[in-house]
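Student: Curious how this folds, go ahead:
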Amino acid sequence: MSKTFMELAEHLVPISDFSQGKAGKIFKDISENNNQYIVLKNNQPTAVLLSIQEYKDMQHKITQMERMQQYAESIQNLEKACRHQTLEERAKPFGNKIGPYEEYDWGEPVGRERW
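Tutor: So this is what the prediction gives:
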């Protein structure tokens, strides 16, 4: 979800606010309203505060994305392993000259065929 500059600015918190007793208010807003805050140190973004539920949701999404990537790689590998060569493709290295009574080294099987 995209936030406007004003909405984002409302959730920028200088680290000094924590030593001034404002931490309780910030943590209450995070837990009750599921808001996120960016903590500034020397006017530079240093950390992000978010609710435990938001953190767990992010971790779950990351895990799902990693699994989807693994599934996609597995499918690609399976497609490569299951590709069969046609007789013409197998005969090409032999000059397309093959006969029923000649011996040929066809190489390792590709896919399910067995020699």
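Student: so where's the chain shaky on pLDDT?
Tutor: The model of the chain has pLDDT under 70 over residues 1-6, 81-83, 98-107, 109-115.
Student: Do a quick rundown of the helices in the chain.
Tutor: Assigned by DSSP state H, the helices in the chain fall at 5-10, 16-19, 23-33, 52-81, 87-91.
Student: How about residues contacting the third one?
Tutor: Think helix 23-33. Contact partners of helix 23-33, identified using Cβ atoms under 8 Å, 6 or more residues apart in numbering, comprise 13, 17, 18, 35, 36, 37, 49, 50, 51. To be clear about C-beta, it is placed using only N, CA and C from the backbone, and glycine gets the same treatment.
Student: any chance of those in JSON lines, plus distance to residue 73 and neighbour count?
Tutor: Converted to JSON lines, these look like this (distance: Cβ to Cβ, whole Å; neighbours: other Cβ atoms under 10 Å):
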{"residue": "13", "distance to residue 73": "41", "neighbour count": "17"}
{"residue": "17", "distance to residue 73": "46", "neighbour count": "15"}
{"residue": "18", "distance to residue 73": "44", "neighbour count": "14"}
{"residue": "35", "distance to residue 73": "37", "neighbour count": "16"}
{"residue": "36", "distance to residue 73": "33", "neighbour count": "15"}
{"residue": "37", "distance to residue 73": "37", "neighbour count": "18"}
{"residue": "49", "distance to residue 73": "35", "neighbour count": "18"}
{"residue": "50", "distance to residue 73": "31", "neighbour count": "14"}
{"residue": "51", "distance to residue 73": "33", "neighbour count": "17"}
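Student: which pair in those residues spans the largest distance?
Tutor: Spatial extent of those (Cβ to Cβ) is set by the pair 17 and 51 at 18.3 Å.
Student: how is this structure carved up into domains?
Tutor: 5-50, 54-90 (automatic domain parsing).
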